[in-house]
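Asks: this is a predicted model, with the sequence first.
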Amino acid sequence: MASPVFCFLNHQEVAKIDSNRIEVSFDPGDTIMKSGTPKTHVMSFYHGLAKVTLEGKGDKNFILDFIRPQSFFSGPGFFFDSKHYLTITAVEPCKVCLIDIDVFFQLMKDNFEMAFAFMENSNKFILNLIHKMESLLIKHHHGRVAEALLYLRTEIYKSNPFTMSISKKDLSDMTALPKESVSRILQEFRNDGIISMNDNNVHILKEESLTQISQNG
């Protein structure tokens, strides 16, 4: 329970969560949380990588974010109708702690500092969502792909070069672009010497140039 949401619990509250939680392992491709299903648990994530997806009609999905270790996720519907509105899918082998939602809600009502940390966590997710929507409205195709590569480099894999565990389809869903467009833009970046890419191994050679493309849209 390394998430900041749990930093303000006393020993008795920690014991209550321990007695009302389950630990589950997921393989890549497994659905951890499904849009439209009842919200019975909140999730503390402590190993692996998972994607948070807004599901559209057909095969049109949009990846809102990724979940990494020490993340806490409740999602929309927590205070409304106790229903999941987003789908979470394992990208890498994942380990997740699922906490009974009624127990968590009661602890939050009794512990102001925990409630404040929960609201801060939720607001960060909302702000990230606003940034994603702004990017889609303002940026052209090259800017979206550049932004996605920089996000993977700085926030997800935290290295350069890095090996993408996400698929080309995921990269397409991150940018709301067809896979063909993403592949074409990646090839252009390679031709211009901005990146080198071999299968899923990516090396950003000119990070300043990629940043400029991202910022200029």
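Replies: Right, received. Where do you want to start?

Asks: ends of stretch 158-167, how far apart?
Replies: With CA to CA, to the nearest Å as the measure, the ends of stretch 158-167 fall 18 Å from one another.

Asks: tell me the mean pLDDT over stretch 181-194?
Replies: Average pLDDT, stretch 181-194: 95.

Asks: contact partners for the residue positioned nearest the centre of the chain?
Replies: Centroid check for the chain by CA atoms, centre = their mean gives residue 66 as the closest residue, at 1.7 Å. Going by CB atoms under 8 Å, 6 or more residues apart in numbering, residue 66 touches 49, 50, 51, 52, 91, 155, 156. Glycine gets a C-beta too; all of them are placed from N, C-alpha and C.

Asks: give me the buried subset of those.
Replies: Burial by neighbour count, judged by 16 or more other CB atoms under 10 Å, picks out 49, 50, 51, 52, 91, 156 from those.

Asks: please tell me how far the second one sits from residue 174.
Replies: This points to residue 50. Distance of residue 50 to residue 174, given as CB to CB, to the nearest Å: 14 Å.

Asks: okay, and the common contacts of the two?
Replies: By CB under 8 Å, 6+ apart, residue 50 and residue 174 have no common neighbours.

Asks: for the buried ones among the contacts of residue 66, work out which two are farthest apart.
Replies: 52 and 156 (12.5 Å; CB to CB).

Asks: could you dump the contacts of residue 66 into JSON lines and include distance to residue 26?
Replies: JSON lines is the format used below for those (distance: CB to CB, whole Å):
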{"residue": "49", "distance to residue 26": "11"}
{"residue": "50", "distance to residue 26": "8"}
{"residue": "51", "distance to residue 26": "12"}
{"residue": "52", "distance to residue 26": "14"}
{"residue": "91", "distance to residue 26": "10"}
{"residue": "155", "distance to residue 26": "21"}
{"residue": "156", "distance to residue 26": "18"}
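
Asks: how about residue 90: what's its closest non-neighbour residue?
Replies: Nearest residue to residue 90, sequence neighbours excluded (CB to CB, 6 or more residues apart in numbering): residue 26, at 4.1 Å.

Asks: quick one, domains of the protein?
Replies: Per automatic domain parsing, the structural domains of the chain span 4-136, 140-216.

Asks: if we go by neighbour counts, what in stretch 47-62 is buried?
Replies: Result for stretch 47-62 [16+ other CB under 10 Å]: buried residues 48, 49, 50, 51, 52, 53, 54, 61, 62.

Asks: now the terminal residues of that stretch, how far apart.
Replies: Using CA to CA, the two ends of stretch 47-62 sit 23 Å apart.

Asks: surely residue 49 touches residue 95?
Replies: No: in this structure residue 49 lies outside contact range of residue 95 using CB atoms under 8 Å: 11.3 Å.

Asks: so which elements touch the lengthiest helix in the chain?
Replies: Determined from DSSP state H, the single longest helix within the chain is helix 112-138. Counting contacts by 3 or more CB pairs under 8 Å, 6 or more residues apart in numbering; DSSP states H and E, helix 112-138 is packed against strand 61-67, strand 71-73, helix 101-110, helix 141-151.

Asks: what angle do the last one and helix 112-138 make?
Replies: Taking axes from the mean of the first three to the mean of the last three CA atoms, to 10 degrees, helix 141-151 and helix 112-138 form an angle of 150 degrees between their directions.

Asks: which elements pack onto helix 141-151?
Replies: Using 3+ CB pairs under 8 Å, 6+ apart: helix 141-151 touches helix 112-138, helix 168-175, helix 179-191, strand 201-204, helix 207-216.
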